[in-house]
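J.: okay, sequence plus prediction incoming.
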Amino acid sequence: MEIKDLQGKLVAVLGFGMEGRATAAFLMKHGIRPTLFDQKPLSDWGPEDQSFIKSLRLNCIFGPDCFKELAGFDVAFRSPGISLHNISLVLPSGVEGKLRITSQTKWFFEHCPAKIIGITGTKGKGTTSSLIYEMLHASRFMLHAKSYLTGNIGKVQPLEILDNLSADDWVVYELSSFQLQDLTQSPRIGVVLMVTGEHLDYHKNIKEYRQAKCPIVKFQKPGDTAIINHDFPASMAIGAFGKGQKLFFSRIKALKSGCFVKGGKMVWNFSGGAGSRSAGQFPVAGLQLRGRHNLENVCAAVLAGLTAGCPPKVIKDVLKKFKGLEHRLEFVAEKKGVKFFNDSFSTTPETCLAAIESFSEPEILILGGSSKNSDFKELGRGIRAARNIKAVILIGQEAKKIKSAIQMTLTPNPSPRGRGEGFAFLEGAKNMREIFAQVKSTAKPGDVVLLSPACASFDMFKSYVDRGNQFKLAVKSY
């Protein structure tokens, strides 16, 4: 289906967040006036949003039961936060099968003339996508190609750039399971990072979550490339799909072919297309990114950059300069000898453990938030095994569950003052000011204060960004 085929059709945009707005703008640019649907009542939107929505002069159907009004529509563009399963449950009788449901991502993949590098995984997508983009951008004169960063991480939405792309361009696209689940095409280069259990509040179970990610490589052709994290069985299972060339990376195991970490160096050695071969290495100490888990992301980015044709020298220069992303194990400041790190983007136990393992200094951890149905048993074991943890500040809805998981691994008879073996539990803080009152009562010069909540933010904060920004403001006045 081409854009001209939508002329004269009844077109719906489901969800009017950032992606829904970009979709509506794209359609209007091409002379199509969609109807806007959102489950949030119009009266619940802020004054600026209400004014903007009204200024579009489009038909709007807002409210919890809005999708029941889809009878008669021909095409619906779904925003990623809207589950296909949930839509099917509320569609009026007779609509299913007649209504074509697509999305910004699906439309982009079907119509994009440029070469796409797609990145997915439970965590690390933003860092890896940004690093690959920086490699391509730094290589633009050698490659004679423009590069774009889009998807969840990009400053621009995919449909904002679609009309300006050419066959020589590269598009780096960060892809969540929400965006991937209904794709029928795979990117030229598909990157599968660590895949663990997340988003079970959206997907029915872990099996569905993993299946949703499979299109990252499932529809690849022999000339395409799949870059796969060798350290995670779920990543390997997803990466096995498709007919593309398979390249592997590992943080813990030396590989015969691919990219891996050994002896303080990142080493790559693999065959590319047309019989070409690439080999090289880079010292881990030369990276500005902190955290062992980021070595996986760097290995993936190196393989993607080399596969896309970036010169090794340019790749190494980018690795030396790249500092990472805001709210991802971000160094904030050192105050009174105490170092503060903002890892608010960490919303799973796995990424929290990775952050904890990034430090040898005494750590004060800030953990907790709203539920994502996570299992904290491994996090509890990891906290006990770390030995350098000085205090755990527990916040939010999941505080009790996290404390229970930690205490399950404690030796009997903890101290009567609420201390485990070597660290204290600090509880009851209701906001960032109260959290920092607890930090001040505990922190000493030489300590690290780490905000890595392992949970979503929505019980106490607007978003992980709000949580991280409030943390940084509190550090500023520490």
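T.: Yep, it's here. Residues are numbered from 1 along each chain as shown.
J.: relative to Asp447, how far out is the nearest residue to Ala443 once chain neighbours are set aside?
T.: Ranked by CB to CB, 6 or more residues apart in numbering and with sequence neighbours excluded, the top spatial neighbour of Ala443 is Val338, at 4.7 Å. C-beta coordinates here come from the backbone N, C-alpha and C atoms, glycine included. Distance of Val338 to Asp447, computed by CB to CB, to the nearest Å: 5 Å.
J.: gap between the residue lying closest to Leu329 once chain neighbours are set aside and Arg328?
T.: In space, and not counting its chain neighbours, Leu329 is closest to Asp343: 4.7 Å by CB to CB, 6+ apart. Distance, Asp343 to Arg328, using CB to CB: 7 Å.
J.: same check, this time on Asn297
T.: From Asn297 over to Arg328 (counting by CB to CB), the distance is 10 Å.
J.: any common contacting residues for those two?
T.: Overlap of the contact sets of Asn297 and Arg328 (by CB atoms under 8 Å, 6 or more residues apart in numbering) consists of Thr127.
J.: quick one: which of these two has more around it?
T.: The residue with more neighbours, out of Asn297 and Arg328, is Asn297; 31 against 25, by other CB atoms under 10 Å.
J.: contacts for the helix or strand bottoming out on mean pLDDT in the chain next, please.
T.: Using mean pLDDT, DSSP states H and E, the weakest-scoring helix or strand in the chain turns out to be helix 84-90, at a mean of 75. Residues from elsewhere that reach helix 84-90 (CB under 8 Å, 6+ apart): Leu14, Asp65, Phe67, Lys68, Arg78, Glu96, Ile101, Gln181, Asp182, Lys204.
J.: Phe461: what's it in contact with?
T.: Gly369, Arg467, Gln470.
J.: so of those residues, which ones are in strands?
T.: Counting by DSSP state E, none of the members of those fall within strands.
J.: go through these and name the one nearest Leu303.
T.: Checking those against Leu303 with CB to CB, the nearest one is Arg467 at 32.7 Å.
J.: how many neighbours does that closest one have?
T.: 28.
J.: number the chain from 37, please
T.: Got it, the first residue is 37 from now on, which makes the last one we talked about Arg503.
J.: so it makes contact with Ala492?
T.: No. Assessed by CB atoms under 8 Å, Arg503 is found out of contact with Ala492, at 9.5 Å.
J.: next SSE downstream of the host helix or strand of Trp143?
T.: Trp143 belongs to helix 140-147 when assigned by DSSP states H and E. Next helix or strand after helix 140-147 toward the C-terminus (DSSP H and E): strand 151-156.
J.: check which residues of the least confident helix or strand of the chain are buried.
T.: Ile123 (16 or more other CB atoms under 10 Å).
J.: likewise for stretch 349-358?
T.: In stretch 349-358, counting by 16+ other CB under 10 Å, buried: Val350, Ile351, Lys352, Val354, Leu355, Phe358.
J.: what's in contact with that stretch?
T.: 166-167, 170-171, 174-175, 178, 316, 318, 322-325, 334, 338, 341-342.
J.: related to what we said a few turns ago, redo the contacts of helix 120-126 as JSON lines? Include neighbour count, distance to Ala270 and pLDDT.
T.: Below are the contacts of helix 120-126 laid out as JSON lines (neighbours: other CB atoms under 10 Å; distance: CB to CB, whole Å; pLDDT from 0 to 100):
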{"residue": "Leu50", "neighbour count": "25", "distance to Ala270": "29", "pLDDT": "96"}
{"residue": "Asp101", "neighbour count": "9", "distance to Ala270": "36", "pLDDT": "91"}
{"residue": "Phe103", "neighbour count": "23", "distance to Ala270": "32", "pLDDT": "90"}
{"residue": "Lys104", "neighbour count": "13", "distance to Ala270": "36", "pLDDT": "89"}
{"residue": "Arg114", "neighbour count": "26", "distance to Ala270": "25", "pLDDT": "94"}
{"residue": "Glu132", "neighbour count": "12", "distance to Ala270": "31", "pLDDT": "66"}
{"residue": "Ile137", "neighbour count": "20", "distance to Ala270": "27", "pLDDT": "93"}
{"residue": "Gln217", "neighbour count": "23", "distance to Ala270": "16", "pLDDT": "88"}
{"residue": "Asp218", "neighbour count": "15", "distance to Ala270": "20", "pLDDT": "89"}
{"residue": "Lys240", "neighbour count": "10", "distance to Ala270": "16", "pLDDT": "56"}
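J.: just give me the closest of the residues you listed to Glu146.
T.: For the contacts of helix 120-126, the nearest to Glu146 is Asp218 (11.5 Å; CB to CB).
J.: residue contacts, that closest one?
T.: Leu120, Ile137, Thr138, Ser139, Lys142 are the contacts of Asp218 under CB under 8 Å, 6+ apart.
J.: do that again at 10 Å, thanks
T.: When contacts are counted by CB atoms under 10 Å, 6 or more residues apart in numbering, Asp218 touches Arg114, Leu120, Ile137, Thr138, Ser139, Thr141, Lys142, Ala248, Pro251.
J.: please apply the same query to Pro258.
T.: Counting by CB under 10 Å, 6+ apart, Pro258 has contacts Gly278, Lys279, Gly280, Gln281, Gly309.
J.: Ser79: which of those is nearest?
T.: Scanning the contacts of Pro258 for proximity to Ser79, where the rule is CB to CB, the winner is Gly278, at 46.7 Å.
J.: where's that closest one relative to Gly117, distance?
T.: The value you get for Gly278 to Gly117, if CB to CB is used, is 27 Å.
J.: those two: who's more crowded?
T.: Neighbours per residue, other CB under 10 Å: of Gly278 and Gly117, the larger number sits with Gly278, 22 against 14.
J.: from memory the more buried one sits against Lys254, does it?
T.: Yes. The pair Gly278 and Lys254 qualifies as a contact (CB atoms under 10 Å) at a distance of 5.3 Å.
J.: just the helices in the stretch 337-486 of the chain please.
T.: When assigned using DSSP state H, counting those that start in this stretch, the helices of the stretch 337-486 of the chain occupy the ranges 348-357, 385-392, 413-422, 435-443, 468-478.
J.: host element of Asn335?
T.: Wrong residue type there; residue 335 is Cys, not Asn. Taking DSSP H and E as the criterion, Cys335 maps to helix 329-343.
J.: and the angle from that helix to strand 151-156?
T.: Here helix 329-343 points in a direction 160 degrees away from that of strand 151-156 (axes from the mean of the first three to the mean of the last three CA atoms, to 10 degrees).
J.: average pLDDT for helix 329-343?
T.: Model confidence over helix 329-343, given as mean pLDDT, is 95.
J.: now do the contacts for the spatially most central residue of the chain.
T.: What sits nearest the mean C-alpha location of the chain, by CA atoms, centre = their mean, is Lys161, with 4.6 Å. Residues near Lys161 by CB under 10 Å, 6+ apart: 154-155, 187-189, 209-212, 227, 229-230, 333.
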